[in-house]
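Colleague: Show me the folded form of this:
(chains A, B and C)
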Amino acid sequence: MSSILIFEQILNGLQFGVMLFLMAAGLTLIFGVMGLINLAHGSLYMVGAFAAAAVAGATGSFFAGLVAALAAAALAGAIIEIGIIRRLYDAPHLDQVLATFALILIFSEGTRWVFGSFPLFLNIPQGLSGPVSLPGGIEYPLYRLFLILMGIAIAGGLWLLIERTRIGIQIRAGENDREMIAALGVDISKLYTLVFALGAALAGLAGALVGAIQSVQVGMGEPVLILAFVVIVIGGIGSIRGAFIGALLVGLTDTLGGVFLPELFKLFMDSGAAQKSGSAIASMGIYILMGLVLIWRPTGLFGARA
Amino acid sequence: MKFEERYLNLFVLVGLLLLPIWAQAMDEPFTITLATRAVILALAAVGLNLALGIGGMVSFGHAVFFGIGGYAMGILAYHAQTYTTLSLGLFETGGTNSMPVIWLVAMLLSGAVAFVIGLLSLRTSGVYFIMITLAFGQMFYYFAISWAQYGGEDGLSIYVRNGFPGLNTLVPIEFFGICFVLLCVTLVLFARLQSSPFGLALNAARQSKSRVAAVGLNPTRVKLLAFVLSGAVTGLAGALFADLNRFVSPTMFSWQLSGELIVLIIIGGVGRLMGPVIGACVFVALEHFLGEITDFWHVSLGIILLCIVLFGRGGLIGLITGKEGAHV
Amino acid sequence: MKKCFLAATAAALFATGALAEVKVGMITTLSGGGAGLGIDVRDGFMLAIAQSGRDNIEVVIEDDQRKPDIAVQLSDKMIQSERVDVMTGIIWSNLAMAVVPAAVNQNVFYLSPNAGPSALAGQGCHQNYFNVAWQNDNLHEAAGAYANNAGYKNTFIMAPNYPAGTDALTGYKRFFSGDLAGEVYTELGQTDYAAEIAQIRASDADSVFFFLPGGMGISFLKQYADSGIDLPVVGPAFSFDQGILQAVGDAALGVVNTSQWNKDIDNPTNAAFVESFQAEYGRLPSLYASQGFDTANLLLSALEKADPSDADAFREALRAADFDSTRGEFAFGQNHHPVQTIYAREVVKEGDVFTNKIIGPALENHSDAYAADCKM
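Modeller: Modelled structure (predicted):
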């Protein structure tokens, strides 16, 4: 196996990781600030992808689609926060699980009602399509490089927002002591709606960005949701930094495991059997990683010590 | 109108028994099949309720035990039907078609797996516990999908239901009877356990670990034992479910199934004796009747579930009896 | 008086056996991710029933949600409560495996409009089970045969790690005579194929064969087109049917895929089907819709000759397959699976719509590899 291939696979793992980060960041913020387990986060991802596909289809502009994805997901997030989620902050985790599970059902079938049962079309914009040559003779799709840069830029922006702005101070305060910040005169319900909408917008953006190279279809959010949960649990719930590291770990484990485990198994099995058992174990890889991390550090890599 | 919970419980059980008898008289065998499905799902959820309701362990991976029960049935019956041997390293067996043997194997296996999963998972708590149990569930799911020997994703068909001495299990009402009796026995044991010293210790371990530790008990050990029992009961339900469908597949391991078991408990009422039973009846009924009305029945189901959360704290039992349920 | 009248009508009804009420149970996927396929089969089937003008056929339609356990219960309901004579509709092989063996053993006829698992074609075949679509391996075998004709010598092959995926690669290898540049099993439901595409790039393949049904295929094709690799791609029709082509877009243009049906197969039945389907539902039919339509017409042709209550006569009538198929010639092999021509077709753009055009036959009068194992 050549070093070029290995490097290319590492880039692929990174790209997968930063996209997972966009999903996980919102999830971990919402949990950290409001203490809410939001199973419907994957639905917001789907809303973003569908909005982008619909608007890009109508206007012919991919970037108009991205804006629409951000707006639609943020709006959907704000609506469900004000209408439903707000009543659940003091409820036990179980009620939150059930309510947001119900929201998944409503969002998925509702989307199918509006857009039909067939996948929608969303493509990479002209300017970003095709491969580029990287140093060392690697041919790599430009759009995937764009995704990596986009993900890192958003991670940086989030860091600035949380560390350097007034809202960020309120968010951090909210994570530490909810009663206290209400007592200090911060409009806590506005802050909650804002955080929820921000998380939703990030999920919607991820849906639109990834939708361009995948299939925009009903139910696309659930597999990503499960992965995003794995990410935030590995990183430590509530920690943006943890989500970033966790996302990269999961992205790299999944991509590299799928490629190298079968190769490894070929050393002591025949090719077909090695392929099958290697990819079977690789598909369990990230869950094994998560189990190991939790057994080693029960609150994740960067979680608050309980 | 406020009801005593005891009378409500009795009312539900008698209703659940009378429905199939009525269906038998009216020659509506499918209603019996539906009732059997409700009883089996209820049994699985009673198992989960032991861990979740009393012990406060929100397991998002109970489908593991359901699936192990199912595959225990599938594999034993498969070898018995095809007259092949199942080699387990140390000893060999030709499989079996006998329900009681299958139940025993299903409970032992799922209990053993619950012991390992519990041992590792109980190092964490809260949301981390939810997620690590989910992770174990996914591991089993992906393993079953690629387990080509027993059908992989296609699953394994068992064309004839396994036997029970003295009964013809292929007759819907007789199979219902078996499941119903098992559910009742489990409910009695559950009620006994709830008021036993072990149950009280488990209840206390949910509310405050340190208080349990202060009276000289090891809270983690108490919880682990409850988790093992819980897994074994859900495993038994899995074996029955596989026999109901005469079929097992990796979907029995899916996270959606784990989620549905939790939903059943919440609908009925967390930590209540009959919560899972009422939840399962309501869920199966909704699934059946809403599906007849519209293709988009998931939307209506979602709205009904939302209403239960927002307006019915303590589940349906809480709503009817006017008492809130346990807090988890 | 009234009683007499009723009895007389009843007697009249029984006298004309072929006109008695027939009950058909359809279990198919109408909600969730795979709903598009089930809806197409249902719509094609119901179109044929409506066109027959018969009002004594009752079709009971139920949604299996793509869950095997739900499908089994619905099948119990169809047989125990509805007491249907004939069942049909299942899309997925794993659901078919859960339902069909039990159903046909309870003396119900099952006509498969889509799934054709190998277990039901070989040793597990049954006299009451008829497959109107294909045996699962067929389209992949045709892809292998096409690759030989096209002169490919070294193919990179890929499918998800589940039984139908294994069957796909086996089917391709059964007919392909060149070498394999690589053989990869992906995760079921996988959405990102960057890693596999990198492996294709690093291999010395001269062509790529893949079986990735539904959304998986959409993702792969978009990413492959963007990777700049220009090796030719071959696949079965499942990633190129009318329902999903629009979502793949330009990335699918020119790709060769294998199918037993296409909308430009030149026969009057097919032309009428394509036109009436479009008029009724406002969209182009897919291969699933054609299979639903053919299944219903097979059923109708058998009902003309015999009543399902006379099982032996009805079975003979089905076996004769005396109906006008949208595929042209249609006949059953001895294991009740089609013996048919499978075409290579190419994705083209007609106006704004992506669709397929036939290049030529890949395998003619093709049966399946399991027929010899079937003792009926």
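Colleague: Return the residues in contact with the nearest residue in space to C:Pro68 that is not next to it in sequence.
Modeller: Nearest residue to C:Pro68 in three dimensions, chain neighbours excluded: C:Ala98, at 4.3 Å (CB to CB, 6 or more residues apart in numbering or on different chains). No exception for glycine: its C-beta is placed from N, CA and C like everyone else's. C:Ala98 makes contact with B:Gly155, B:Ser157, B:Asn245, B:Phe247, B:Ser249, C:Pro68, C:Asp69, C:Ala71, C:Val72, according to CB atoms under 8 Å, 6 or more residues apart in numbering or on different chains.
Colleague: where exactly do the helices run in the stretch 201-306 of chain A?
Modeller: A:221-235, A:240-265, A:271-296 (DSSP state H, counting those that start in this stretch).
Colleague: Okay, buried residues for the last one please.
Modeller: Of all the residues in helix A:271-296, those buried under the rule 16 or more other CB atoms under 10 Å in any protein chain shown are A:274-291, A:293-294.
Colleague: Could you export the contacts of C:Ala98 as TSV, including pLDDT, neighbour count and secondary structure?
Modeller: Formatted as TSV, these follow (pLDDT from 0 to 100; neighbours: other CB atoms under 10 Å in any protein chain shown; DSSP: H, G, I helix; E, B strand; the rest coil):
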residue	pLDDT	neighbour count	secondary structure
B:Gly155	86	28	coil
B:Ser157	84	26	strand
B:Asn245	89	29	helix
B:Phe247	89	28	strand
B:Ser249	91	31	coil
C:Pro68	86	26	helix
C:Asp69	83	24	helix
C:Ala71	91	30	helix
C:Val72	90	24	helix
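Colleague: And the helix or strand hosting the residue nearest to C:Pro68, what's buried?
Modeller: Per DSSP states H and E, C:Ala98 falls inside helix C:93-105. Applying a neighbour-count criterion of 16+ other CB under 10 Å, one finds C:Ser93, C:Asn94, C:Leu95, C:Ala96, C:Met97, C:Ala98, C:Val99, C:Val100, C:Pro101, C:Ala102, C:Ala103, C:Val104 buried in helix C:93-105.
Colleague: And the furthest pair within these?
Modeller: C:Asn94 and C:Val104 (17.1 Å; CB to CB).
Colleague: my guess is C:Ala335 contacts C:Arg319, does it?
Modeller: Careful, residue C:335 is Asn; it's not Ala. No - counting by CB atoms under 8 Å, C:Asn335 sits too far from C:Arg319 to count as a contact (11.0 Å).
Colleague: Could you check which of these two has the larger neighbour count?
Modeller: More crowded of C:Asn335 and C:Arg319, by other CB atoms under 10 Å in any protein chain shown: C:Asn335, with 25 against 15.
Colleague: so where do the helices sit in chain C?
Modeller: C:2-15, C:35-52, C:68-77, C:93-105, C:138-149, C:163-175, C:194-202, C:215-227, C:242-248, C:268-281, C:287-305, C:311-320 (DSSP state H).
Colleague: Quick one: distance of the fourth one to the chain centre.
Modeller: To tie it back to what came earlier, the one meant is helix C:93-105. Remark: helix C:93-105 is offset 16 Å from the chain centroid, using CA atoms, centre = their mean, to the nearest Å.
Colleague: mind exporting it as CSV, just the C-alpha atoms?
Modeller: Coordinates of each C-alpha in helix C:93-105 appear next as CSV, following Å, rounded to 0.1, in the frame of the first residue of the first chain:
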residue,chain,number,x,y,z
SER,C,93,-35.2,-10.4,-0.1
ASN,C,94,-34.9,-10.6,3.7
LEU,C,95,-38.6,-9.9,4.1
ALA,C,96,-39.4,-12.4,1.4
MET,C,97,-37.4,-15.0,3.2
ALA,C,98,-39.4,-14.3,6.3
VAL,C,99,-42.8,-14.4,4.7
VAL,C,100,-42.8,-16.6,1.5
PRO,C,101,-41.9,-20.1,2.8
ALA,C,102,-44.6,-20.0,5.5
ALA,C,103,-47.2,-18.5,3.2
VAL,C,104,-46.9,-21.0,0.4
ASN,C,105,-46.9,-23.9,2.8
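Colleague: so that helix versus helix C:68-77, what angle?
Modeller: If you take axes from the mean of the first three to the mean of the last three CA atoms, to 10 degrees, helix C:93-105 sits at 20 degrees to helix C:68-77.
Colleague: pLDDT averaged over helix C:93-105 - what is it?
Modeller: Averaged across helix C:93-105, pLDDT comes to 89.
Colleague: One more: the longest one?
Modeller: Taken as a whole, helix C:287-305 has an average pLDDT of 96.
Colleague: Same question for the last one.
Modeller: This predicted structure assigns helix C:311-320 an average pLDDT of 95.
Colleague: and what of the first one?
Modeller: Averaging pLDDT along helix C:2-15 gives 39.
Colleague: May I have the helix or strand that contains B:Gly318 exported as PDB, CA atoms only?
Modeller: Using DSSP H and E, B:Gly318 sits within helix B:315-321. Output of helix B:315-321 as PDB, limited to C-alpha atoms (Å, rounded to 0.1, in the frame of the first residue of the first chain):
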ATOM      1  CA  GLY B 315     -47.500   7.900  31.700                       C
ATOM      2  CA  LEU B 316     -51.000   6.800  31.100                       C
ATOM      3  CA  ILE B 317     -51.200   5.100  34.500                       C
ATOM      4  CA  GLY B 318     -50.200   8.400  36.100                       C
ATOM      5  CA  LEU B 319     -52.900  10.200  34.100                       C
ATOM      6  CA  ILE B 320     -55.600   7.700  35.200                       C
ATOM      7  CA  THR B 321     -54.700   7.300  38.800                       C
END
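Colleague: Tell me the buried residues in it?
Modeller: Going by neighbour count (16+ other CB under 10 Å), the buried part of helix B:315-321 is B:Gly315, B:Leu316, B:Ile317, B:Gly318, B:Ile320, B:Thr321.
Colleague: Is it in proximity to chain A?
Modeller: No - if you take CB under 8 Å from any CB of the partner chain as the test, helix B:315-321 misses chain A, and the best it gets is 9.9 Å.
Colleague: Are there helices or strands packed against that helix, and which ones?
Modeller: Applying 3 or more CB pairs under 8 Å, 6 or more residues apart in numbering or on different chains; DSSP states H and E, we find helix B:315-321 packed against helix B:5-25, helix B:255-268, helix B:275-293, helix B:297-311.
Colleague: Restricting to the buried residues of helix A:271-296, which residues neighbour chain B?
Modeller: Among the buried residues of helix A:271-296, chain B is touched by A:Lys276, A:Ser277, A:Ser279, A:Ala280, A:Ser283, A:Met284, A:Tyr287, A:Ile288, A:Met290, A:Gly291, A:Leu294 when using CB under 8 Å from any CB.
Colleague: Since that was my last question, I'll sign off now.
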